[in-house]
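J.: no sequence on this one, just coordinates:
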């Protein structure tokens with residue numbers, strides 16, 4: 001078999017492994033049985049049509065104006081009663097590991113509220129970007145196992161250049177819907193996402209993110225000195241036989257299983273990430289809020305004034321911007337030591 005054919009075959013089986021996880025997540029509970037698997041995929045959408053304000057048709061008198069950067073991170077929670085979630089943040093919220101960790105935690109809390117419990121096993125599918133594939137994300141998974149949210153968590157990454165999956169179909173639908181619409185404000189964007197139509201049988205649930213929590217700082221207290229995490233494409237977390245520690249196992253790809261290779265998971269006895277006792281102590285603490293990033297609000301004020309002058313923005317959209325700029329001004333004024341004292345519970 002030629003090299004290209006081998007590569008295509010490898011990618012096909014990698015994707016089939018993800019589809020297997022997705023299928024397990026879609027198995028519904030019955031009156032006699034609880035839901036056993038939870039399967040989520042998380043990714044960010046290209047922001048070319050999400051910044052605001054911008055018009056569907058370009059105009060010379062608005063093209064050079066400053067826009068607010070808005071970002072959409074989508075989550076598909078396969079088999080959930082709320083399967084499609086879109087988290088939206090502006091440029092004041094850093095789009096980094098903290099944001100992804102906060103979103104995953106929120107999705108899990110929502111599923112727990114919907115079911116009244118959490119499944120035994122949770123599958124996370126992500127691309128291998130640095131804000132996903134890192135020691136903080138791995139430690140968060142270990143913490144979830146330590147505090148008994150899940151018996152096992154498996155994190156999988158598809159090879160670079162081959163990450164387009166069902167969530168990209170959601171983004172494609174959103175992009176097509178937004179392409180012919182004026183996106184005049186953050187609220188306007190959120191409303192448009194919610195109206196884009198059905199995906200997996202439901203309209204997307206939109207969740208604005210205006211506060212970011214320091215999950216990296218939270219897990220730093222128990223994070224071990226990970227080594228060589230760039231090569232493996234799959235990680236598994238579960239407790240050891242004593243139940244006192246959480247172990248991490250890795251394997252080179254998704255498709256290889258114990259049936260085909262009994263030694264596919266390494267190290268053989270697992271890598272101790274943290275003790276259950278230490279993780280529970282950390283979990284009982286509260287998480288500090290991250291200070292917002294600086295923004296040039298003067299330029300945004302000029303943009304809004306220009307849109308109003310050109311009668312491109314009605315009273316409703318102007319009121320949305322008054323609220324948005326007021327909120328941003330307040331958050332930036334509070335960029336001080338006080339922010340570090342704004343602490344939040346991670347989970348009940």
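T.: The structure has been received and is ready for your questions. Computed from a prediction, not measured in an experiment: that's the story for all the values here. Numbers count the residues shown, from 1 in each chain.

J.: which residues of the chain fall in helices?
T.: With helices called from DSSP state H, the chain shows them at 3-25, 60-63, 97-115, 135-146, 166-179, 186-194, 215-220, 276-283, 297-309, 315-333, 337-340.

J.: what's the fourth one packed up against?
T.: I take that to be helix 135-146. For helix 135-146, the packing partners by 3 or more C-beta pairs under 8 Å, 6 or more residues apart in numbering; DSSP states H and E come out as helix 97-115, strand 152-157, helix 215-220, strand 234-239, strand 245-251, strand 266-275, helix 276-283. C-beta here means a position set from N, CA and C on the backbone, and glycine is covered the same way.

J.: tilt between it and strand 152-157?
T.: With axes from the mean of the first three to the mean of the last three C-alpha atoms, to 10 degrees defining the directions, helix 135-146 sits at 160 degrees from strand 152-157.

J.: What lies in contact with helix 135-146?
T.: 97, 100-101, 104-105, 108, 122, 124, 150-153, 155, 215-216, 219-220, 222-224, 226, 229, 235, 237-239, 246, 248, 273-276, 279-280, 282-283 (C-beta atoms under 8 Å, 6 or more residues apart in numbering).

J.: 7 Å instead, please
T.: 97, 101, 150, 152-153, 155, 215-216, 219, 222-223, 226, 229, 235, 237-239, 246, 248, 273-274, 276, 279-280, 282-283 (C-beta atoms under 7 Å, 6 or more residues apart in numbering).

J.: filter those residues to the buried ones?
T.: 97, 101, 150, 152-153, 155, 215-216, 219, 222-223, 235, 237-239, 246, 248, 273-274, 276, 279, 282-283 (16 or more other C-beta atoms under 10 Å).

J.: ok, residue 128 touching residue 157?
T.: Yes: the criterion here is C-beta atoms under 7 Å, and residue 128 meets it with residue 157 at 4.2 Å.

J.: For the two, indicate the residue with more neighbours.
T.: For the pair residue 128 and residue 157, the greater number of neighbours falls to residue 157 (21 against 15), based on other C-beta atoms under 10 Å.

J.: got a list of what that one touches?
T.: By C-beta under 7 Å, 6+ apart, the neighbours of residue 157 are 126-128, 133, 233.

J.: 8 Å instead?
T.: Applying C-beta under 8 Å, 6+ apart, we find residue 157 in contact with 125-128, 132-133, 233-234.

J.: Equivalent analysis for residue 112, please.
T.: So, once contact is read as C-beta under 8 Å, 6+ apart, residue 112 ends up touching 118, 149.

J.: could you redo the last one with a cut-off of 7 Å?
T.: Contact analysis of residue 112 by C-beta under 7 Å, 6+ apart lists residue 118.

J.: residues in contact with stretch 310-328?
T.: Residues from elsewhere that reach stretch 310-328 (C-beta under 7 Å, 6+ apart): 53, 55, 61, 92, 184-188, 210, 295, 297, 300-301, 304, 307-308.

J.: I'd like to know which of these are buried.
T.: 53, 92, 184-188, 295, 297, 300, 304, 307.

J.: now, the most widely separated pair of the residues you listed?
T.: By the measure C-beta to C-beta, 92 and 307 form the most distant pair in the buried ones among the contacts of stretch 310-328, at 20.5 Å.
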